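Student: Sequence and predicted model, in that order:
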Amino acid sequence: MKLGLQLGYWGAQPPANHGELVGAAEANGFDAVFAAESWGSDAFAPLAWWGSSTQRVRLGTSVAQLSGRTPTNCAMHALTLDHLSGGRAILGLGVSGPQVVEGWYGQPFEKPLARTREYVSIVRQVLAREAPVRNDGPHYPLPYLGAGSTGLGKPLKPITHPLRADLPIWLGSEGPKNVALTAEIADGWLAIYFSPRLAPMYNEWLDEGFAREGARRTRAEFEIAASCQVVITDDRAAEIARVKPVVALYVGGMGAPELNFHAQVYRRMGYESEVAEIGRLFQEGRKAEAVAAVPDEMVTETMIIGDAEHVRSEIGVWEAAGVTMLLVTCGDTEQLQRLASVVGTC
């Protein structure tokens, strides 16, 4: 099992120890380091900054939001990072949600699957650099000939030759249609709140994509990186309680009540009534009660928490379910080193 370090996105201030964590990740055999973005820090700059002090570990965005950049601009970011890192970039993309897309970026959220397909197609054209980039689709027309156009737009190839035409593109996706699209057009799946118990369901979605004409990868070539909080502890109950506020936030507050993709994931696991209660309490401002409404099973189903023996056993379960990389967060280098030792990466 490979390990990826998730640096996440910044809070009110930049984290103080991410450089130290990135160095420790490389030294302890982690395969990759990922940075995220929401509506504050971006995903590319931290990877370029911290990645400059590493030689081996891969550098991935998890995820860069589609609406934050045009497809060609995103491809410029990716090819630049790939050159600077000597071919270590992974472009992780995701649509985000309507609150961010329409409220922060001022872009329409409709047709996320069609937008994703067009976006990835354009990025791949840039990276291939075989011809001037064109796109006739309705979401990202190139050249632009719509309202306000001068008619002078010219199809272009990137000035800078990309280091790799096959720079890996992974998609963060949660629903059945989006996961199937991921298997069809991407090189990997960034899975959030993955449940090994539901592996047969995920496999149906993935197999639908792999079976489509022109699918990019086979199952054997495809990577599945699952976000998974892994905590090695002798006080399992205390650690479960500690992460419940995060679950309550994502289920109850990260997305509109009418359209919260994280909540939908837990509904598919069978927690329909629990999700409804957590959401109701959270929206009423009763956050402590929302946290209390999170059952232990909602935590342990999507995270690995326990002593070293339990963690090793559970990692085997996740691997058997098809996961090729656990995407973990670590608060300090001691925690990172212990996890690497238990997993056997160092």
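Tutor: Now that the structure is in, tell me what you want to look at. Just so it is clear, the model here is predicted, and its values are computed rather than measured.
Student: who touches Val57 in this structure?
Tutor: 22, 25-26, 30-33, 51, 88 (Cβ atoms under 8 Å, 6 or more residues apart in numbering). The way it works is simple: take the backbone N, C-alpha and C, and place the C-beta from them, glycine included.
Student: ugh, typo on my part, it should be Ser341
Tutor: By Cβ under 8 Å, 6+ apart, Ser341 lies in contact with Asn28.
Student: Output the helix or strand harbouring it in PDB with nothing but the alpha carbons.
Tutor: According to DSSP states H and E, Ser341 maps onto helix 333-343. Extracted in PDB, the C-alpha atoms of helix 333-343 (Å, rounded to 0.1, in the frame of the first residue of the first chain):
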ATOM      1  CA  THR A 333       6.700  14.200  11.900                       C
ATOM      2  CA  GLU A 334       6.500  11.700  14.800                       C
ATOM      3  CA  GLN A 335       3.000  10.700  13.700                       C
ATOM      4  CA  LEU A 336       4.200  10.400  10.100                       C
ATOM      5  CA  GLN A 337       7.200   8.300  11.000                       C
ATOM      6  CA  ARG A 338       5.100   5.900  13.100                       C
ATOM      7  CA  LEU A 339       2.600   5.500  10.400                       C
ATOM      8  CA  ALA A 340       5.200   4.800   7.700                       C
ATOM      9  CA  SER A 341       6.800   2.200  10.000                       C
ATOM     10  CA  VAL A 342       3.400   0.400  10.600                       C
ATOM     11  CA  VAL A 343       2.500   0.500   6.900                       C
END
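Student: Name the residues of it that come out as buried.
Tutor: Of the residues in helix 333-343, 333, 335-337, 339-340, 342-343 count as buried by neighbour count, 16 or more other Cβ atoms under 10 Å.
Student: residue ranges with poor pLDDT in this protein?
Tutor: 256-258, 346 (pLDDT under 70).
Student: Kindly report the domain assignment for it.
Tutor: Domain segmentation of the chain under automatic domain parsing yields 2-232+304-343, 234-303.
Student: What's the end-to-end length of the last one?
Tutor: End-to-end span of domain 234-303 (Cα to Cα, to the nearest Å): 16 Å.
Student: Please apply the same query to stretch 103-113.
Tutor: End-to-end distance of stretch 103-113 (Cα to Cα): 20 Å.
Student: Flag every buried residue along it.
Tutor: Buried-residue list, stretch 103-113, by 16+ other Cβ under 10 Å: 105, 107, 109, 112.
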